[in-house]
Every structure is written in C-alpha cells, then in structure tokens.
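Peer 1: can you look at this prediction? I've put the sequence above it.
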Amino acid sequence: MSENGPQRDVFEAIADPTRRRLIQMLAAKEEIPLHELTAPFAMGRTAVSKHLAILKEAGLVADRKVGRETRFRLNAAPLREIQDWVAFYSKFWSANMARLNQLLLEEEEQR
C-alpha cells in the first residue's frame with residue numbers, strides 16, 4: 001500500500017466471492033494466520049495470498065509477521081464507502097416504494 005492510501009478500488013476488491021468470504025472470515029476474529037484462511041478454500045496458499053494482496057491494496061486487510069507466520073486482520077474502514085453507496089440507493093428504493101404504495105392506495109380508493 002502506498003503512503004497516499006489504498007491503491008485499489010474497494011468495489012473492485014470485494015467483487016470476487018473468494019475475497020468477500022475472506023472478509024467474512026477476518027471479521028469473525030481479531031487476527032487469522034494464513035494457513036487458517038487457506039483451509040476452507042479449494043485452492044492453494046499462493047492463490048489465497050493473491051486474494052489477500054488485493055484486499056490489502058484496497059486497505060481492507062493488514063498483516064504482520066509473527067515468527068515465520070503471517071497473520072491477517074480486517075480493516076473495515078474502507079467498507080464505509082460501500083455502505084454509503086448502498087445507503088443512497090436504499091433511500092431511492094424506499095422513496096420509490098412509498099410512491100408505488102401511494103399509487104396503489106389511490107387506485108384502490110377509486111374502485
């Protein structure tokens with residue numbers, strides 16, 4: 001990661017189902033070693049490491065060495081961008097559903 005912040009778009013980073021699963025796993029614990037993150041997947045350690053590198057580039061994952069082991073932890077702060085984006089559309093759908101409901105009520109009153 002550069003000193004100026006994440007190098008990869010958060011939306012791009014979470015687009016892959018494997019990376020979303022890794023985020024879920026990391027959210028469940030404070031820190032997880034690479035071998036534990038690799039175990040549930042039908043892929044090798046190198047492939048999981050590549051997914052973790054993408055998450056790290058987006059600022060979603062931090063790592064640290066403990067002896068020969070690398071441990072990973074979630075940094076959920078960049079997910080705020082996604083939450084804000086979804087919240088905007090949630091308001092949009094709520095407003096549209098309220099209008100639809102009003103139209104249906106008016107139609108029923110006219111019968």
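Peer 2: Noted; the coordinates are in hand. Residues are numbered from 1 along each chain as shown.
Peer 1: hey, C-alpha coordinates of the helix or strand containing L52 in PDB?
Peer 2: Counting by DSSP states H and E, the secondary-structure element that holds L52 is helix 45-57. Presented in PDB, the C-alpha positions along helix 45-57 are these (Å, rounded to 0.1, in the frame of the first residue of the first chain):
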ATOM      1  CA  ARG A  45      -1.900 -20.900  -0.400                       C
ATOM      2  CA  THR A  46      -0.500 -18.800  -3.300                       C
ATOM      3  CA  ALA A  47      -3.900 -18.200  -4.700                       C
ATOM      4  CA  VAL A  48      -5.300 -17.200  -1.300                       C
ATOM      5  CA  SER A  49      -2.300 -14.900  -0.800                       C
ATOM      6  CA  LYS A  50      -3.000 -13.200  -4.100                       C
ATOM      7  CA  HIS A  51      -6.600 -12.500  -3.000                       C
ATOM      8  CA  LEU A  52      -5.300 -11.200   0.300                       C
ATOM      9  CA  ALA A  53      -2.800  -8.900  -1.500                       C
ATOM     10  CA  ILE A  54      -5.700  -7.400  -3.500                       C
ATOM     11  CA  LEU A  55      -7.600  -6.800  -0.200                       C
ATOM     12  CA  LYS A  56      -4.500  -5.300   1.300                       C
ATOM     13  CA  GLU A  57      -4.000  -2.900  -1.700                       C
END
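Peer 1: in this structure, which helix or strand is least confident?
Peer 2: Taking mean pLDDT, DSSP states H and E as the measure, the helix or strand of the chain with the lowest value is helix 79-110, at a mean of 84.
Peer 1: quick one: list the elements packing against that one.
Peer 2: The criterion is 3 or more Cβ pairs under 8 Å, 6 or more residues apart in numbering; DSSP states H and E, and the helices and strands that helix 79-110 contacts are helix 10-14. Every C-beta, even on glycine, is put in place using the N, C-alpha and C of the backbone.
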